[in-house]
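Enquirer: okay, here's the prediction I keep looking at, along with the sequence it came from:
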Amino acid sequence: MPSRDALALVDISVIIPAYNEAGRILPYLHAIISHLQRRRRTYEVLVVDDGSTDTTATVVTSFSRTAPDVHLIQLPSSRGKGAAVRRGIQSAVGNLQLFADADGATPIQELDRLENAIVDGADLAIGSRTLASRLPGFTVQARLYRTLLGMLFHAAVQHSGIRGIADTQCGFKLFRRNVAQDLFSASSIDGYGFDLEILYVAQRRGYRIAEVPINWADQPGSKVRLLRDGFAMLRELTAIQQNGIKGLYNARPALHPLHPVAIEPMDLPPR
């Protein structure tokens, strides 16, 4: 495996934003590494600790001593999931770049479905619980109140200019590297509404988006507070619309690649 210090490309980067995930993240890290090793992929896993107040950093650092392709990036304070994912994308060196929620609600095996969509020509492939819930052969386990509030939020999204996407908020999205660089260079939303901004920009810039049904199971211990965070996302949605009206997202610029940000020594676990 190439040294991260050399910033050599690998097949895939998995970015995991984490806030107070000490009690949930280890099983998913084990599953990710096991799956990618079985597929003989070169990879890196970047856990971006969004200013956790628990022992998330300690847990990940300890794990990485036996899994050298897992790296910890620590943000000095909590800025939000969008900021954590953006920081991970800035550091990633994978030809494909996935962000996935730390709770493991989406089995890592679902990555294969998203990769197939990329192979078929998509620029980004996004997991969809909504599509999966309409199809045989998929399992989506969601609490009723989450489903009902999700439907209301989806109606607001459809009126915002993000059209034709059934599930904007699933935390399992895969990008070609240059597409991730472009979209996250244009993004400014730090909270949960960052998914909306990324998809809004992608549609404005003509990227091919594949929405892919996936298996998903709600996990205990969610950090999302539906009413509080739902209202925050509506405010972020308004900000995205205003940016769109100003024309900030319209043109896809000549791509000047984001050079990967080297993870500083303080972020790396002892070897």
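Expert: On my side now, so go ahead. Numbering: from 1, shown residues only.
Enquirer: low pLDDT regions in this structure?
Expert: Along the chain, the parts satisfying pLDDT under 70 run over 1-8, 143-160, 221-230, 251-271.
Enquirer: does Ser64 touch Leu72 like I think?
Expert: Yes. Between Ser64 and Leu72 there is a contact under Cβ atoms under 8 Å: 6.5 Å. Yep, even glycine has a C-beta here, placed from its N, CA and C like the rest.
Enquirer: more neighbours: which of those two?
Expert: Leu72 (23 against 20; other Cβ atoms under 10 Å).
Enquirer: the nearest residue to that one once chain neighbours are set aside - how many residues pack around it?
Expert: Closest residue to Leu72 apart from its sequence neighbours, by Cβ to Cβ, 6 or more residues apart in numbering: Val60 at 4.7 Å. Residues lying near Val60 (other Cβ under 10 Å) number 29.
Enquirer: could you say which helix or strand holds Val60?
Expert: For Val60, the host element (DSSP states H and E) is helix 56-64.
Enquirer: can you check Ala180 too?
Expert: Secondary structure assignment for Ala180, by DSSP H and E: helix 177-186.
Enquirer: contact partners of that helix?
Expert: For helix 177-186, contacts defined as Cβ atoms under 8 Å, 6 or more residues apart in numbering pick out 9, 85-86, 89-90, 92, 94-97, 123-124, 175, 198, 201-202, 205, 207, 248-249, 252-253, 255, 257-258.
Enquirer: please pick the buried ones from those.
Expert: 85-86, 89-90, 92, 94, 96-97, 123-124, 175, 198, 201-202, 205, 207, 249, 252, 258 (16 or more other Cβ atoms under 10 Å).
Enquirer: take those and keep only those in strands.
Expert: In this view, the buried ones among the contacts of helix 177-186 that belong to strands under DSSP state E are 94, 96-97, 124, 175.
Enquirer: which two of the residues you listed have the greatest separation?
Expert: Longest distance between any two of these is 13.7 Å, between Gly94 and Leu124; criterion Cβ to Cβ.
Enquirer: using PDB, write down the CA coordinates of the helix holding Ala180.
Expert: This file holds the C-alpha atoms of helix 177-186, laid out as PDB (Å, rounded to 0.1, in the frame of the first residue of the first chain):
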ATOM      1  CA  ARG A 177     -12.500  11.900  -7.700                       C
ATOM      2  CA  ASN A 178     -12.600  15.000 -10.000                       C
ATOM      3  CA  VAL A 179     -16.400  15.300  -9.400                       C
ATOM      4  CA  ALA A 180     -15.900  15.300  -5.600                       C
ATOM      5  CA  GLN A 181     -13.200  17.900  -5.900                       C
ATOM      6  CA  ASP A 182     -15.500  20.200  -8.000                       C
ATOM      7  CA  LEU A 183     -18.600  19.800  -5.900                       C
ATOM      8  CA  PHE A 184     -17.000  20.200  -2.500                       C
ATOM      9  CA  SER A 185     -14.900  23.100  -3.700                       C
ATOM     10  CA  ALA A 186     -18.200  24.900  -4.400                       C
END
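Enquirer: report the angle between whichever helix in the chain runs longest and helix 177-186.
Expert: Counting residues, the longest helix found in the chain (DSSP state H) is helix 226-245. Angle, helix 226-245 to helix 177-186, by axes from the mean of the first three to the mean of the last three Cα atoms, to 10 degrees: 90 degrees.
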